[in-house]
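Asks: I would like to see how this sequence folds:
(2 chains)
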Amino acid sequence: GQQLNQSPQSMFIQEGEDVSMNCTSSSIFNTWLWYKQDPGEGPVLLIALYKAGELTSNGRLTAQFGITRKDSFLNISASIPSDVGIYFCAGLSWKTSYDKVIFGPGTSLSVIP
Amino acid sequence: SAVISQKPSRDICQRGTSLTIQCQVDSQVTMMFWYRQQPGQSLTLIATANQGSEATYESGFVIDKFPISRPNLTFSTLTVSNMSPEDSSIYLCSVEDHGGYTFGSGTRLTVV
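Replies: Below is the predicted model of the structure:
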């Protein structure tokens, strides 16, 4: 079945540093979603991408839909302590069922003040 | 965006018993989705619940273990039946919301 890979699995950075994480797959996706999950909470949607090559920003966050449709990246600029959490990429594909969202394994981010 | 309320937020249950989780949305939605998140893991789709029809289950999940109700367009329940410690997880409901998917805060279930 379809599977998403995320890297890095975890990262520890200093406050103020920029962060980059990515999501790859051997399959094509039509929509990419990036979520952040805080402990004890459900995932919260950060950015949604709908077109190959699309670059979208949300405050300090920027995400891109890879031109091959098989990857996406998320950048966080000037990290702050509240950026701590687990970041999940998720994809939707017309090939299977458009309404079925597949999640990556997550990237755990720790920010050192 | 849609607001989702899940109850209970957490519970500790004895093995062999069942727990029903409720999900209430503040707007009418066609489909509601139930996910499981095992400790330290990602989210796995259990089933899709449509109002007026039986839920569609993903591979590895069966109706006898995870019966779902969808009585109207704003509410759904997921029951975890005959629980064992392996069912200890966070269970989340989700709805499509303007091109993305919104999640409830989840139900943290511990089976002892």
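Asks: got a list of what the closest residue to chain A within chain B touches?
Replies: Chain B approaches chain A most closely through B:Phe103 (3.5 Å), counting by Cβ to the nearest Cβ. Heads up, the C-betas are built off the backbone N, CA and C, glycines and all. Taking Cβ atoms under 8 Å, 6 or more residues apart in numbering or on different chains as the definition of contact, the neighbours of B:Phe103 are A:Tyr35, A:Gly42, A:Pro43, A:Val44, B:Ile4, B:Tyr35, B:Leu92, B:Cys93, B:Ser94.
Asks: near chain A, which residues of chain B?
Replies: Chain B has residues B:4, B:31, B:33, B:41-45, B:48, B:58, B:92, B:94, B:96-97, B:99-106, B:108 near chain A, with proximity defined as Cβ under 8 Å from any Cβ of the partner chain.
Asks: would you turn the contacts of B:Phe103 into JSON lines with pLDDT, neighbour count and secondary structure?
Replies: Output for the contacts of B:Phe103, formatted as JSON lines (pLDDT from 0 to 100; neighbours: other Cβ atoms under 10 Å in any protein chain shown; DSSP: H, G, I helix; E, B strand; the rest coil):
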{"residue": "A:Tyr35", "pLDDT": "97", "neighbour count": "26", "secondary structure": "strand"}
{"residue": "A:Gly42", "pLDDT": "94", "neighbour count": "22", "secondary structure": "coil"}
{"residue": "A:Pro43", "pLDDT": "96", "neighbour count": "29", "secondary structure": "coil"}
{"residue": "A:Val44", "pLDDT": "96", "neighbour count": "15", "secondary structure": "strand"}
{"residue": "B:Ile4", "pLDDT": "96", "neighbour count": "23", "secondary structure": "strand"}
{"residue": "B:Tyr35", "pLDDT": "97", "neighbour count": "26", "secondary structure": "strand"}
{"residue": "B:Leu92", "pLDDT": "97", "neighbour count": "26", "secondary structure": "strand"}
{"residue": "B:Cys93", "pLDDT": "97", "neighbour count": "29", "secondary structure": "strand"}
{"residue": "B:Ser94", "pLDDT": "96", "neighbour count": "26", "secondary structure": "strand"}
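Asks: closest to B:Val112 among those?
Replies: When the contacts of B:Phe103 are compared for distance to B:Val112 (Cβ to Cβ), B:Leu92 wins out at 21.5 Å.
Asks: Verify the stated contact: that closest one with B:Gln38.
Replies: No - using Cβ atoms under 8 Å, B:Leu92 is not in contact with B:Gln38, being 11.9 Å away.
Asks: Quick check: bridge partners of the residue of chain B closest to chain A?
Replies: Each beta-bridge partner of B:Phe103 is listed here, defined by DSSP bridges: B:Ser94.
Asks: Next one: it, what pLDDT does it get?
Replies: According to the predicted model, the pLDDT of B:Phe103 comes to 95.
Asks: Geometric centre of chain B: which residue is closest?
Replies: B:Trp34 (3.7 Å; Cα atoms, centre = their mean).
Asks: how about the residue of chain A found nearest chain B, phi and psi?
Replies: Distances between chain A and chain B by Cβ to the nearest Cβ are smallest at A:Gly42, namely 3.5 Å. When quoted as degrees, to the nearest 10, the phi and psi of A:Gly42 stand at phi -80, psi 160.
Asks: Good, we can wrap up now.
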